[in-house]
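Visitor: what follows is a predicted structure for the sequence shown.
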Amino acid sequence: MIKSKIIYGVGYLFLLISGQVSAQGNTEELVTDEMLLNPAPSDWLMHSRTYDNQRFSPLDQINRDNVSNLQMVWSRGMHPGTQEAIPLVHNGVMYISNPRGIVQALDATTGDVLWEYERDLPDDIEDYVGIDRTRTLSLRGDRVFYAAPDGFMVALGAGNGEIHWETQAHDYKKTTEYTTGPMIAGDKVITGRNCDPYPDGRENCFIAAYHAETGEEVWRFYAGAGGDDPGANTWGNKSEGSRTCSPWGLPGSYDPERNLVYWGIANPSPHTRLKRHDDPFDVPLTTPSELYCNSTLALDADTGELAWYYQHIPGDDWDSDWTQERVLFSSPFNPDPNLVKWSNPNVRRGEVRDMVATVGEPGGLWVMDRGTGEFLWGIPFPAQDTSLFHISDVNVNTGQTSISRDTVLTGENQSHTMCFSNVKGYYPMAYHPDENALYIPYHDVCYTRTSAISTVNGHRRTTHIREGVDPNAWTGIAKVNMETGVIEPFHAQRNPTNGAVLATAGNLIFWGDMNRRFRAFDAVSGEILWENIVGGVVQNSTITYAVDGRQYVAILTGDGVSHTGAKLALVPELNTARRHNAVYVFALPQK
């Protein structure tokens, strides 16, 4: 048994002794499967609130008529270290992962600690992996599920932080680490991980499901196709054991009617074809190529069997992750033929489809049918007026994508400029059903890379704001109509972001940036209706909840691993507060 330490808040100890539990801190109510399917508006039970990953809240006490009165009601510091987390809230209790193996339960109205779990990590762990990157927790029954830095999936008691079970999922000494977090689908706890391209790296690159009651592993899906897998023949002469691509990003979404989990897979490793293969054209320039890297997967939640896949890039040459959230929604199909570069001519216009949408780190917005994986439409994103987009063509009848032979590095000291680079990372977008629109945080950035075969990934690269873009308006939020594919004007600015987007029924969009500004926008016009300056970089997070009829909005601040420093390097004049880990919570004044 792994050692751990649990600390109880003084107020919580009093409640335990007296047998009382306040409405502001009730850790005893179970999170049922029905609650997860239909969450109470007051709760935030998963990283994007609902299984569809929409990040939309039906709460409207805070709305565009009164948001200007919003004020901070509490804040508290977090433990030091890299911080990329999204908190959860149930029945007045906020559950939050901290750096260095720590999970806390806080009174969501005051920030007071109810309990704190601290994992006793191995002395040598930082020789192999980071210990700060668990982005999400999950709730089900009386348990909080935590992906620990030492490779264990852990079930903690929601009421006291004590361990119910723990299962070793991977070996941290193989530099495999949790950079994501768990999600719930039925009675399964499912998570991905980051893995390195060792000769046997494939065995560490997988999505796995565990039984929520016992911790027993139920199934495992390897991201690199091998054996009898469909797509095992798409890797050329590369040995099966070395086929690596990580499911390292945000957890998936879940369609309970189809019982399908939708998960994104990152780029193959090492980054360049020339480093992975003796001949960079050993694998095709058209999908499928090196499956299931840079793909959307639809997996049966009970068995892990592949229902369908859609590959976004064939045989990536640029470290172009397509591993972040998949958002589920239904919409008529009416892509604007003048503005949407690729759309499926075989789909009847006006037909309502159940859709799944995602944005890649290298740019591009892709929409598929979530029942079959059929390609519906796609656009270069955040800008369509560039010849440097990494995808050269899409077969609109089949959805197969292609890259240009001229953009692949084939020898030492070659240089290419490609668009885009880290347009959006682990900080999720939001969908507003009343607007039928995605609100996407973005950066209009490209990069120039030069082949360097002796390096780990076979290239060196530098990023820059895309040529011709206004340097004071290269980042912001894009509002995309999901029926037409039209990008509507919303908000652009100079300072970059690591902040998740939140949409609410109060016709508001909440979002923060690296200049410590946290803002509320009119969901229709993009007008800034409220702003607050916090103590550090707004980092991921951005949730809303209610306790005793009062609505709150919460964010976390701190620094991420690479998406913080890399973006700040593009605005050298911005002298922002770094590594300021804290929780900030806002509400309207009480009457």
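Guide: Received the coordinates, thanks.
Visitor: low pLDDT regions in the chain?
Guide: Within the chain, the ranges that satisfy pLDDT under 70 run 1-4, 10-27.
Visitor: so which residues of it form helices?
Guide: Remark: helices assigned in the chain by DSSP state H are 10-18, 33-37, 273-276, 563-568.
Visitor: how about the residue nearest the centre of the chain: what's its closest non-neighbour residue?
Guide: To find the centre residue of the chain, average its C-alpha atoms and take the closest one (CA atoms, centre = their mean): that gives Leu250, at 3.1 Å. Take Leu250 and drop its neighbours on the chain: the residue closest to it by CB to CB, 6 or more residues apart in numbering is Glu325, 4.7 Å away. For the C-beta atoms, the positions are set from N, CA and C on the backbone; glycine is no exception.
Visitor: quick one, strands of the stretch 101-250 of the chain?
Guide: For the stretch 101-250 of the chain, strands defined by DSSP state E, counting those that start in this stretch occupy the ranges 102-107, 113-119, 138-140, 143-147, 152-157, 163-168, 183-185, 188-191, 206-211, 217-222, 244-245.
Visitor: okay, these in CSV with mean neighbour count and distance to Asp444 next?
Guide: Output for these, formatted as CSV (neighbours: other CB atoms under 10 Å; distance: least, CB to CB, whole Å):
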stretch, mean neighbour count, distance to Asp444
strand 102-107, 24, 36
strand 113-119, 22, 40
strand 138-140, 25, 34
strand 143-147, 27, 33
strand 152-157, 23, 38
strand 163-168, 17, 42
strand 183-185, 26, 31
strand 188-191, 25, 32
strand 206-211, 22, 32
strand 217-222, 18, 34
strand 244-245, 28, 26
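Visitor: and the ones you listed as JSON lines, adding distance to Asp319?
Guide: JSON lines is the format used below for the strands of the stretch 101-250 of the chain (distance: least, CB to CB, whole Å):
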{"stretch": "strand 102-107", "distance to Asp319": "31"}
{"stretch": "strand 113-119", "distance to Asp319": "31"}
{"stretch": "strand 138-140", "distance to Asp319": "29"}
{"stretch": "strand 143-147", "distance to Asp319": "24"}
{"stretch": "strand 152-157", "distance to Asp319": "28"}
{"stretch": "strand 163-168", "distance to Asp319": "29"}
{"stretch": "strand 183-185", "distance to Asp319": "25"}
{"stretch": "strand 188-191", "distance to Asp319": "23"}
{"stretch": "strand 206-211", "distance to Asp319": "20"}
{"stretch": "strand 217-222", "distance to Asp319": "20"}
{"stretch": "strand 244-245", "distance to Asp319": "11"}
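Visitor: still on that earlier bit, contacting residues for the residue nearest to the centre of the chain?
Guide: Taking CB atoms under 8 Å, 6 or more residues apart in numbering as the contact definition, Leu250 lies against His47, Arg135, Thr136, Thr180, Gly264, Thr323, Gln324, Glu325, Tyr426, Pro428.
Visitor: where does it fall, phi/psi-wise?
Guide: Torsion angles at Leu250 (phi, psi; degrees, to the nearest 10) stand at phi -60, psi 150.
Visitor: from here on, count from 414
Guide: From this message on, residue numbering opens at 414, which makes the last subject Leu663.
Visitor: distance-wise, check it relative to Ala850.
Guide: Distance of Leu663 to Ala850, computed by CB to CB, to the nearest Å: 20 Å.
Visitor: tell me which stretches of the stretch 864-1004 of the chain form strands.
Guide: In the stretch 864-1004 of the chain, the strands defined using DSSP E, counting those that start in this stretch lie at 872-878, 888-894, 900-906, 911-912, 915-917, 921-925, 930-935, 941-946, 952-953, 956-960, 963-970, 995-1000.
Visitor: Met781 is nearest to which of the ones you listed?
Guide: Of all the strands of the stretch 864-1004 of the chain, strand 888-894 sits nearest to Met781, with 15.3 Å by CB to CB.
Visitor: the closest residue to Gln813 other than its chain neighbours: how many residues sit nearby?
Guide: The shortest distance from Gln813 to any residue other than its chain neighbours is 4.9 Å, reached at Thr700 (CB to CB, 6+ apart). Other residues within reach of Thr700 by the criterion other CB atoms under 10 Å amount to 25.
Visitor: in contact with Thr700, which residues?
Guide: With the criterion set at CB under 8 Å, 6+ apart, Thr700 makes contact with Gln724, His725, Ile726, Pro727, Gln813, Thr814, Ser815.
Visitor: hmm, Leu710 and the first one touching each other?
Guide: Which is Gln724. No - Gln724 sits out of contact with Leu710 when judged by CB atoms under 8 Å, with a separation of 9.8 Å.
Visitor: picking that back up, of the strands of the stretch 514-663 of the chain, which is nearest Val947?
Guide: strand 515-520 (17.4 Å).
Visitor: got a list of contacts for the closest one?
Guide: Residues from elsewhere that reach strand 515-520, judged by CB under 8 Å, 6+ apart: 424, 435, 437-438, 440, 489, 492, 505-511, 525-532, 550, 557, 559, 569, 571, 574, 996.
Visitor: and Gly786, what does it touch?
Guide: Thr709, Ala711, Ala720, Trp721, Tyr722, Tyr723 are the contacts of Gly786 under CB under 8 Å, 6+ apart.
Visitor: if we go to 6 Å?
Guide: Contacts for Gly786 (CB atoms under 6 Å, 6 or more residues apart in numbering) come out as Trp721, Tyr723.
Visitor: got phi/psi on it?
Guide: In this entry, Gly786 is assigned phi and psi values of phi 80, psi 10 (degrees, to the nearest 10).
Visitor: and the gap between it and Ile941?
Guide: Separation of Gly786 from Ile941 (CB to CB) stands at 39 Å.
Visitor: same deal with Gly978?
Guide: Per CB to CB, Gly978 is found 27 Å from Ile941.
Visitor: same thing with Glu787?
Guide: Using CB to CB, one obtains 39 Å as the distance from Glu787 to Ile941.
Visitor: the more surrounded of these two?
Guide: Between Glu787 and Ile941, Glu787 has the larger neighbour count (other CB under 10 Å), namely 16 against 13.
Visitor: what's the closest non-adjacent residue to that one?
Guide: Glu787's closest residue in space is Met781 (CB to CB, 6+ apart), at 6.4 Å.
Visitor: correct me if wrong: the one you found contacts Thr771.
Guide: No - with the criterion set as CB atoms under 6 Å, Met781 and Thr771 do not qualify as a contacting pair; they are 8.4 Å apart.
Visitor: burial of Tyr591, as a residue count?
Guide: Residues near Tyr591, counting by other CB under 10 Å, number 29.
Visitor: contacts only, for the nearest residue to it once chain neighbours are set aside.
Guide: Sequence neighbours aside, Ala560 is the residue nearest to Tyr591 in space, at 3.9 Å (criterion: CB to CB, 6+ apart). By CB under 6 Å, 6+ apart, the residues touching Ala560 are Thr547, Met566, Tyr591, Gly594, Pro595, Thr604.
Visitor: try it again with 10 Å
Guide: Taking CB atoms under 10 Å, 6 or more residues apart in numbering as the criterion, Ala560 is in contact with 510, 546-551, 566-567, 582, 590-595, 602, 604-606, 664.
Visitor: please convert the buried members of the residues you listed into ChimeraX selection syntax.
Guide: Below is the selection syntax for ChimeraX that covers the buried ones among the contacts of Ala560, with 16 or more other CB atoms under 10 Å defining burial:
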select :510,546,547,548,549,550,551,566,567,582,590,591,592,593,594,595,602,604,605,606,664
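Visitor: relative to Ala1000, how far out is the residue nearest to the centre of the chain?
Guide: Remark: distance between Leu663 and Ala1000 (CB to CB) = 27 Å.
Visitor: coming back round to it: now render the strands of the stretch 864-1004 of the chain as a markdown table, adding distance to Glu653.
Guide: Shown next, in a markdown table, are the strands of the stretch 864-1004 of the chain (distance: least, CB to CB, whole Å):
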| stretch | distance to Glu653 |
| --- | --- |
| strand 872-878 | 25 |
| strand 888-894 | 39 |
| strand 900-906 | 42 |
| strand 911-912 | 37 |
| strand 915-917 | 42 |
| strand 921-925 | 43 |
| strand 930-935 | 48 |
| strand 941-946 | 52 |
| strand 952-953 | 35 |
| strand 956-960 | 41 |
| strand 963-970 | 40 |
| strand 995-1000 | 45 |
